[in-house]
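>>> give me a 3D structure for the following:
(one chain, ligands or ions: 2)
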Amino acid sequence: MMIEPISSPATLLDLTLPEIEAWCVAHGQPAFRGRQIFQAFYRELVSGYDQITTLPLGLRARLAAEWPLAIPEVVSELRSKDGRTVKLLLRLADGARIESVLMLYPPNPESIRPRATVCVSTQAGCAYGCTFCATGQMGFERHLRPGEIVAQVLHFARFLRAHPWGWTAAGSDTSGTLDHVTNIVLMGMGEPLHNYENTLAALRLLNDPMGFHLGARHMTVSTVGLVPAIRRLATEGLQVNLAISLHAPNNTMRARTMPVARKWDMDTLLDTCLDFAHQTGRQVTFEYVLLAGLNDSVEHATELGQRLAPFGTLAHVNLIPVNATSAEFRPPDGHAIRAFRETLQREGVNNSVRAERGDDIAAACGQLRTRDDRARRTKTAP
Ligand code: SAH
Ligand code: SF4
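Ligands and ions are numbered 1, 2, ... in the order given. All right, here's what the predicted structure looks like:
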């Protein structure tokens, strides 16, 4: 397989613990130094070698020379008015710009624990060109390295440790603080399964019990539906959640907004997802962006319910009123959303509506980058 070039340098965060240990041994150091380095980054959350004071100075200097850290630089940061969404535009070592978001959720009926979810980018741009998606309109720029994916999570882990979030549950007097990342969703810029190797490497790094130790069940891979890669994911033995961007009840309609539907039709995709659910015993989430007047009627809900009937309780539909990125698309009103949900429920399909968040800060991924692109164009225009 041809590996596409990545213009940023490899960094320490691309390495697994055994790789760091091997490097230490090859440089005349005891293997335990490797564990010290790994844990400094993933547990103590240091952001530079100079902070690992347990390491000999010579080793710190050698690491700095051979393994750059390339901590992403924050280009802009937006916080929603309620303070529960923090969105970043980050610049990577080669200048590529990506978005990452932290979303804070107090306990609710679906989750008795508060959550701090990081929405991570896996690529700069995206090759799949979904018409409602700001990232899709940029085209593909490059894959991210594992360390560039991991670095986004570590950034917010440091942020939460420095600024623990004091939460209060709505409608009750329960409250508490949360100081760590509890979940990650690969729903930022890019298609994670197009960057399969690097994405899986990043998930395994974050999952490592010797380091960050985030449970695979707290990770969600969201995909446009790359059939061979979903089959492969089912064999990884990693208990991650799978979310499929379906967005239509049939292939003809799907192909209108999602070019990928011309490569793998919906029957093949749904068969693959059913195999995934049976093989892993895990529920599959189907994301459905609601586009007013296009895919949001009661008939569409009925058809969707029928298509998902073979899954029984192994399917969950997450409805997402579209974040309008162009005049072509607008979200349905509350009445249409309720009718859609009730119909799905009648068809026996569990569903929820994604809590709208961060609208005041351009929530859908790619929008902040697009805004930055426009500002740059204006600046450089003759
Ligand atoms: N490429 C992957 C993951 C990144 S997109 C995928 O497509 O699943 C993450 C989610 O945001 C997807 O479900 C995507 O369809 C959705 N999305 C894209 N543009 C959106 C918009 N304008 N409004 C709401 N959701 C959007
Ligand atoms: Fe790419 Fe996902 Fe956007 Fe489609 S929705 S263009 S696959 S990032």
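>>> direction included, what does the strand ranked longest in the chain pair up with?
Using DSSP state E to define each element, the chain has its longest strand at strand 97-105. According to DSSP bridges, strand 97-105 forms sheet pairs with strand 85-91 (antiparallel), strand 115-119 (antiparallel).
>>> so which of those is the most surrounded?
Mean neighbours per residue, mean count of other C-beta atoms under 10 Å, is largest over these for strand 115-119, with a mean of 22. C-beta: built from backbone N, CA, C; applies to glycine.
>>> re the thing from before, pull the longest strand of the chain out as PDB, backbone CA atoms only.
Output of strand 97-105 as PDB, limited to C-alpha atoms (Å, rounded to 0.1, in the frame of the first residue of the first chain):
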ATOM      1  CA  ARG A  97      -4.800  24.000  10.500                       C
ATOM      2  CA  ILE A  98      -7.300  21.800  12.200                       C
ATOM      3  CA  GLU A  99     -10.100  22.100  14.700                       C
ATOM      4  CA  SER A 100     -10.700  20.400  18.100                       C
ATOM      5  CA  VAL A 101     -13.600  20.900  20.500                       C
ATOM      6  CA  LEU A 102     -14.100  20.200  24.200                       C
ATOM      7  CA  MET A 103     -17.800  19.700  25.200                       C
ATOM      8  CA  LEU A 104     -18.800  19.500  28.800                       C
ATOM      9  CA  TYR A 105     -22.000  17.700  29.900                       C
END
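>>> quick one: mean pLDDT for it?
Averaging pLDDT along strand 97-105 yields 95.
>>> with mean pLDDT added, can I get the strands paired with strand 97-105 in a markdown table?
Shown next, in a markdown table, are these (pLDDT from 0 to 100):
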| stretch | mean pLDDT |
| --- | --- |
| strand 85-91 | 95 |
| strand 115-119 | 96 |
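>>> let me have those in CSV, extended by distance to Thr199.
As requested, the strands paired with strand 97-105 are exported to CSV (distance: least, C-beta to C-beta, whole Å):
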stretch, distance to Thr199
strand 85-91, 17
strand 115-119, 14
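>>> between the ones you listed, which one is closest to ligand 1.
When the strands paired with strand 97-105 are compared by C-beta to the nearest ligand atom, strand 115-119 sits nearest ligand 1, at 8.1 Å.
>>> how far is that closest one from where the chain is centred?
Put simply, strand 115-119 sits 9 Å off its chain's centre (C-alpha atoms, centre = their mean, to the nearest Å).
>>> next one: stretch 116-130
6 Å.
>>> list the buried ones in it?
116-126, 128-130 (16 or more other C-beta atoms under 10 Å).
>>> which of the residues you listed are close to ligand 1?
Cys130 (C-beta under 6 Å from any ligand atom).
>>> inside strands: which ones of the buried residues of stretch 116-130?
Reading strands off the buried residues of stretch 116-130 with DSSP E, I get Ala116, Thr117, Val118, Cys119, Gln123, Ala124, Gly125.
>>> gap between the second one and Val240?
Separation of Thr117 from Val240 (C-beta to C-beta, to the nearest Å): 14 Å.
>>> just the first one next, same as before
Counting by C-beta to C-beta, the gap from Ala116 to Val240 is 18 Å.
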